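[1] Let me see the structure of the following:
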Amino acid sequence: MKLKIWLLETRPQFLLLSVTLVLLGTAISRHEGYFDLFKFMLTMIGLVLAHASVNVLNDYFDYKSGIDLETTRTPFSGGSGVLPSGLLKPKGVYIFGVACLMAALAIGIYLTFISGWQLLPLILLGGPVIYFYTSHLTKWLVGEFWAGLGLGMLPVLGTYFVQTGRYSAEAVVASLAPGFLTANLLFLNEFPDIEADKKGGRCNLVIALGPKTAGRLYAGLMALTYLSIIAGAVLKLMPPASLIGLASIPFAFKAISITFKHYDNIQNLIPAMKANVITVLGTNALVAAGYFLSGSQ
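    Numbers count the residues shown, from 1 in each chain. As a prediction, this is how the structure comes out:
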């Protein structure tokens, strides 16, 4: 029973994002003729641990700041609810979050030794971003940017580097869509928490712009997601089969439409948040499938 609570604390339903990012980075490298199963498994474990650390430390710092005591929880926002419910002690949750981060960093350092020192800058950037994300970055109007970079672009590029030992323009272009998508995943999930976040001292785009204008920016970022995929295929930096990522557009359109209508109604916004999650995970998985279907060059 206790193990189940600790698992719940990591918000496992959101860890699927990391799985799709590693799959995409691996698919790109496989398309170029590189694949090492051992490195793939280590990368997957490392990124899932890093993502779990973000979620756990987010819960801890939000509880300490009082934000989680003010939020209206939904299936997609408001934290895990473990600490407000008294199911775990704050100190234990903090130690768990730091332990996940240390384990992820250890794996990252090992991968640097076996793949190349050029991976080190990503690790040196990622560690502090994970730890200080909730306590500092969410207060400086840069939370969405760092989410898109840290749990979007960089994992794809890092996975690609681990397999190939280099970076490439092709991988950078392919990582743009995950970057926009992860930023939007966080962005929409901030709408229900706007009042609680204000009281907790946060400054994010929803607070800065207001939910109505923020909804338009959300739609704009979604458009950039699909434009980056189309541009990658047109410029021959991504295989034509990667265009199957566009199959998620109906879910994106649903999320945008609901957000435009119900940006200030938490309960009515939940279907948009669900469609948003499907869009993010589905697009990443579909683009990865496109690379796998294209075979090796």
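[2] Just the residues contacting stretch 128-137, thanks.
    For stretch 128-137, contacts defined as CB atoms under 8 Å, 6 or more residues apart in numbering pick out 50, 53-54, 57-58, 60-62, 98, 101, 104, 143, 146-147, 149-150. Any C-beta I mention is one placed from the backbone N, CA and C, and that applies to glycine too.
[3] can you give me the end-to-end distance of that stretch?
    Chord length of stretch 128-137, first to last residue, is 10 Å (CA to CA, to the nearest Å).
[4] how far is that stretch from where the chain is centred?
    Chain-centre distance of stretch 128-137: 14 Å, with CA atoms, centre = their mean, to the nearest Å.
[5] what about this structure, any weak spots by pLDDT?
    The chain contains residues with pLDDT under 70 at 1, 297.
[6] now the helices for it?
    2-9, 16-31, 37-65, 90-115, 120-132, 143-148, 154-164, 169-189, 194-199, 205-209, 211-234, 249-262, 266-294 (DSSP state H).
[7] For ChimeraX, what selects the buried ones among the contacts of stretch 128-137?
    Buried residues within the contacts of stretch 128-137, by 16 or more other CB atoms under 10 Å, are selected in ChimeraX with:
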select :50,53,54,57,58,60,61,62,98,101,104,143,146,147,149,150
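[8] Among the contacts of stretch 128-137, pick out the one closest to residue 207, please.
    Taking CB to CB as the measure, residue 207 lies nearest residue 143 of these, at 10.4 Å.
[9] Contacts only, for that closest one.
    Residues counted as contacts of residue 143 (CB under 8 Å, 6+ apart) are 133, 137, 186, 202, 204.
[10] let's go with 10 Å and repeat that
    Residue 143 makes contact with 133-134, 136-137, 183, 186-187, 190, 197, 202-205, according to CB atoms under 10 Å, 6 or more residues apart in numbering.
[11] Quick check: residue 74 vs residue 30, distance?
    37 Å (CB to CB, to the nearest Å).
[12] Among these two, which residue is more densely surrounded?
    Between residue 74 and residue 30, counted using other CB atoms under 10 Å, the more crowded position is residue 30 (21 against 17).
[13] quick one: contacts for the more buried one?
    Contacts of residue 30 (CB under 10 Å, 6+ apart): 23, 40, 160, 163, 164, 288, 291, 292, 294, 295, 296.
[14] thinking the fifth one is in contact with residue 119, fair?
    No - counting by CB atoms under 10 Å, residue 164 sits too far from residue 119 to count as a contact (11.1 Å).
[15] And for the closest residue to residue 268 other than its chain neighbours, the neighbour number?
    Excluding the flanking residues, the one nearest residue 268 by CB to CB, 6 or more residues apart in numbering is residue 262, at 3.7 Å. Applying other CB under 10 Å, we find 18 residues neighbouring residue 262.
[16] now residue 222
    25.
[17] likewise residue 226?
    The number of residues packed near residue 226 is 18, by other CB under 10 Å.
[18] Quick check: it touching residue 242?
    No - Residue 226 lies out of contact with residue 242 (CB under 10 Å); the separation is 11.4 Å.
[19] so what's in contact with these two at the same time?
    Counting by CB under 10 Å, 6+ apart, the contacts common to residue 226 and residue 242 are residue 177.
[20] what does stretch 263-271 rub up against?
    71-78, 188-189, 191-194, 206, 210-216, 218, 254-255, 257-259, 261-262, 272-273, 276.
[21] now do stretch 79-88
    Contact with stretch 79-88 is made by 1-2, 4-12, 14, 55-56, 58-60, 62-64, 67-71, 73, 78, 89-90, 92-93, 96, 193, as judged by CB under 10 Å, 6+ apart.
[22] Tell me how many other residues crowd residue 163.
    Neighbour tally, residue 163, other CB under 10 Å: 22.
[23] from what I can see it touches residue 41, true?
    No - the criterion here is CB under 10 Å, and residue 163 misses it with residue 41 at 12.0 Å.
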